[in-house]
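> here is my input, please return the structure:
(2 chains)
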Amino acid sequence: DAKTTQPPSMDCAEGRAANLPCNHSTISGNEYVYWYRQIHSQGPQYIIHGLKNNETNEMASLIITEDRKSSTLILPHATLRDTAVYYCIVSPGYTNAGKSTFGDGTTLTVKP
Amino acid sequence: NAGVTQTPKFQVLKTGQSMTLQCAQDMNHEYMSWYRQDPGMGLRLIHYSVGAGITDQGEVPNGYNVSRSTTEDFPLRLLSAAPSQTSVYFCASSRLAGVNNEQFFGPGTRLTVL
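Below is the predicted model of the structure:
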């Protein structure tokens, strides 16, 4: 599985957009980009994933560069409850799907 | 659906003791895995399984055993607990194939080894 690189921490003002970057320069053609978050010490929670097209759901948007070597998770209107550790991982979209490597992630702090 | 359940929530062991962490899922997922998370760190994969009767090692398998006799259950056994195994343990499950194979995580077991 491709390795990812994320900044260790970021701050964001409440109500503003939070843009979390991730580098995955060794991603393979069949690997998807997944984002999870972990609030306090709870189990990680799935947010969104994509292959090469931009994706949006009720939680967030995912922007993947054309060369697929990096991506950005966007929380459009961050709230205090979005304070969490955000993990970017890459994983095949089929078989061995869960054999994913979680790095240390980005700690996002949303401030009033 | 209960999702992924883990028991116990908390456990304290003495060095050398053995125990089994339980994990169960009711989503008929083929894939199940165990991670450990040390304070301030990310998750590291211990063992995983792609179906009943099939298991394999992850990044940090030493000191742990697993088996998968049913689709629903994936217990993690600590053979002889050591203080270095003090951690939070998460179990996860997902579909094996298809594009919507996000992992579902349990609430974790917080283990302290004295």
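
> what residues are up against B:Phe104?
Residues touching B:Phe104, when contacts are defined by CB atoms under 8 Å, 6 or more residues apart in numbering or on different chains, comprise A:46, B:3-4, B:25, B:27, B:29, B:92-94. Glycine gets a C-beta too; all of them are placed from N, C-alpha and C.

> residue nearest the centroid of chain B?
The centroid of chain B falls nearest to B:Trp34 when counting by CA atoms, centre = their mean (2.9 Å).

> spatially, and excluding backbone neighbours, which residue is closest to that residue.
Here the nearest residue to B:Trp34 in space, its sequence neighbours aside, is B:Ile46; by CB to CB, 6 or more residues apart in numbering or on different chains that works out to 4.4 Å.

> from B:Gly40, how far off is that neighbour?
With distances defined as CB to CB, to the nearest Å, the gap from B:Ile46 to B:Gly40 amounts to 18 Å.

> can you map out the strands along chain A?
Assignment of strands within chain A using DSSP state E yields the ranges A:9-13, A:18-23, A:31-38, A:45-50, A:55-56, A:61-64, A:70-75, A:84-92, A:106-111.

> average pLDDT for the shortest one?
Per-residue pLDDT values across strand A:55-56 average out to 96.

> and for stretch A:5-14?
Computed over stretch A:5-14, the mean pLDDT rounds to 96.

> alpha carbons of that stretch, as PDB, please.
The C-alpha coordinates for stretch A:5-14 follow below in PDB (Å, rounded to 0.1, in the frame of the first residue of the first chain):
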ATOM      1  CA  THR A   5       2.200  12.200   4.400                       C
ATOM      2  CA  GLN A   6       0.100  14.600   6.300                       C
ATOM      3  CA  PRO A   7       0.900  17.700   8.400                       C
ATOM      4  CA  PRO A   8       0.900  16.900  12.100                       C
ATOM      5  CA  SER A   9      -1.500  19.600  13.100                       C
ATOM      6  CA  MET A  10      -3.700  22.400  11.800                       C
ATOM      7  CA  ASP A  11      -6.000  25.000  13.200                       C
ATOM      8  CA  CYS A  12      -9.300  26.300  11.800                       C
ATOM      9  CA  ALA A  13     -11.700  29.000  12.900                       C
ATOM     10  CA  GLU A  14     -15.300  27.900  13.500                       C
END
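
> quick check: bridge partners of the residue of chain B found nearest chain A?
Shortest chain B-to-chain A distance, computed as CB to the nearest CB: residue-wise this is B:Phe105, at 3.1 Å. Each beta-bridge partner of B:Phe105 is listed here: B:Ala92, as defined by DSSP bridges.
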